[in-house]
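*Asks:* here's my sequence, what's the structure:
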Amino acid sequence: TAENIVSERLTQLANEQHLSLSWSDLRIRLMHGTVRVDSLQVGLATADSLPGDTTFIALSMPRLDIGRIHWLPLLRHRIARIDRVRLTNAAVELTKLKDHTALSVDSLSLAAYDLSYNLTDSTFAYNDSVYQIDLGPLRYTSPDSLFAATVGHLSTQDAGSIVISNIAGGNTDRKEEHAMRMGKQEVTWARFNLSELRTSPVNIIRMALSGEVAIDSVALNGPLTDIYYDAHFPPKEPYPLPQESLAAIKMPLRIGQFNASLGKLHIGMTFDGKHSG
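*Replies:* Numbers count the residues shown, from 1 in each chain. Below is the predicted model of the structure:
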């Protein structure tokens, strides 16, 4: 049956990649060259580069539609061309065993068009300029639980523009206590409430494969931003210069133009390690 074939392929993939992979409630329907997968629950555990740490990923997928499949016998290759693949209302949870980082998405929908699969060498090819992403709400909690953020909705619009709405978050403790809780060091405390972040058209798939984030323009609009820099405690090591911090970023980041419109912006900082203002 189709379920057995998919289960065998998942088992083979897990063994090849040395992954801890499990799944349940797999139901597949084949109709006139189309495939529909219902109620797939997938659990995945991957060993991280940090010794002793493991990332657990849980995916609950109520429905996956694979549009009409066209078989093309080209020379010695057998190619399956797929009109579209659409994932609807999936839920994703990611947790890290060692530092307790948590990330979750209640509703994730993806759509990609014009794909092909080579049965000879098991490789995918796709039109990376035609895709749709829709997710929300997204929640993130830092390992120390001192930072939390939520995103109400993220989608791609207007030929690939990324639109993120209702972004809220920041440090969860009081600003006067943050430096102490972080280990008696210079720290920056922040809270923010942003209504929308919008980018110019970008290709997320191409950026992920190239390892570079390049965006022509970013526009940010928000009613409230509160930032407090606490320098009551002397630095444990020389504070890095801005160019040193940028050089330490592993993924290249290029933004051509950045526009921000903030309704209320509060900035506080300490002076001479004793007074704040």
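
*Asks:* ok now stretch 156-163, how far from the chain's centre?
*Replies:* 16 Å (CA atoms, centre = their mean, to the nearest Å).

*Asks:* first-to-last residue distance for that stretch?
*Replies:* Using CA to CA, to the nearest Å, the end-to-end distance of stretch 156-163 comes to 6 Å.

*Asks:* now tell me what touches that stretch from outside.
*Replies:* Applying CB atoms under 8 Å, 6 or more residues apart in numbering, the contact partners of stretch 156-163 are 129, 131-134, 153-155, 196-204. Placement of C-beta: from N, CA and C, glycine included.

*Asks:* the helices in the protein, which residues?
*Replies:* 2-17, 175-181, 204-210, 242-247 (DSSP state H).

*Asks:* quick one: contacts for Phe192?
*Replies:* Per CB under 8 Å, 6+ apart, neighbours of Phe192: Ile167, Ala168, Gly169, Gly170, Gly222, Leu224, Thr225, Asp226.

*Asks:* how about the third one, what does it touch?
*Replies:* In this case it means Gly169. Contact analysis of Gly169 by CB under 8 Å, 6+ apart lists Tyr140, Phe147, Ala148, Ala149, Thr150, Arg191, Phe192.

*Asks:* leaving out the residues flanking it, which one is nearest to the fourth one?
*Replies:* Spelled out, it's Ala149. Take Ala149 and drop its neighbours on the chain: the residue closest to it by CB to CB, 6 or more residues apart in numbering is Gly169, 2.9 Å away.

*Asks:* what bridges to the one you found?
*Replies:* Ala149, Phe192 (DSSP bridges).

*Asks:* ok so, going back, most packed of the helices of the chain?
*Replies:* Compared across the helices of the chain, helix 175-181 shows the largest average neighbour count, a mean of 16 (mean count of other CB atoms under 10 Å).

*Asks:* remind me what that one packs against, helices and strands.
*Replies:* Where contact means 3 or more CB pairs under 8 Å, 6 or more residues apart in numbering; DSSP states H and E, helix 175-181 is packed against strand 187-199, strand 213-230.

*Asks:* just checking: what are the partner strands of the longest one?
*Replies:* With DSSP bridges as the criterion, the sheet partners recorded for strand 213-230 are strand 187-199 (antiparallel), strand 253-271 (parallel).

*Asks:* C-alpha coordinates for that strand, CSV please?
*Replies:* Presented in CSV, the C-alpha positions along strand 213-230 are these (Å, rounded to 0.1, in the frame of the first residue of the first chain):
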residue,chain,number,x,y,z
VAL,A,213,20.3,37.2,3.9
ALA,A,214,20.0,40.1,1.3
ILE,A,215,17.0,42.4,1.4
ASP,A,216,16.6,45.6,-0.5
SER,A,217,14.4,47.4,2.0
VAL,A,218,12.8,46.8,5.4
ALA,A,219,10.0,49.0,6.9
LEU,A,220,9.1,48.8,10.6
ASN,A,221,6.1,50.3,12.3
GLY,A,222,5.4,50.1,16.0
PRO,A,223,3.6,51.9,18.8
LEU,A,224,6.0,51.2,21.7
THR,A,225,9.7,50.5,22.2
ASP,A,226,11.4,50.6,25.6
ILE,A,227,15.2,50.1,25.8
TYR,A,228,17.4,50.4,29.0
TYR,A,229,21.2,50.0,29.1
ASP,A,230,22.5,49.1,32.5
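
*Asks:* which positions within it qualify as buried?
*Replies:* Ile215, Val218, Leu220, Gly222, Thr225, Asp226, Ile227, Tyr228, Tyr229, Asp230 (16 or more other CB atoms under 10 Å).

*Asks:* please apply the same query to the first one.
*Replies:* Under the neighbour-count criterion of 16+ other CB under 10 Å, strand 187-199 has Val187, Trp189, Ala190, Arg191, Phe192, Asn193, Leu194, Ser195, Glu196, Leu197, Arg198, Thr199 buried.

*Asks:* hang on, the earlier thing: so can I have TSV of the helices and strands packed on helix 175-181 showing mean pLDDT?
*Replies:* What follows is the helices and strands packed on helix 175-181, written out as TSV (pLDDT from 0 to 100):
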stretch	mean pLDDT
strand 187-199	92
strand 213-230	90
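
*Asks:* for Ile255, find the nearest of these.
*Replies:* strand 213-230 (5.1 Å; CB to CB).

*Asks:* please state the offset of the closest one from the chain centre?
*Replies:* Distance of strand 213-230 from the chain centroid (CA atoms, centre = their mean) equals 18 Å.
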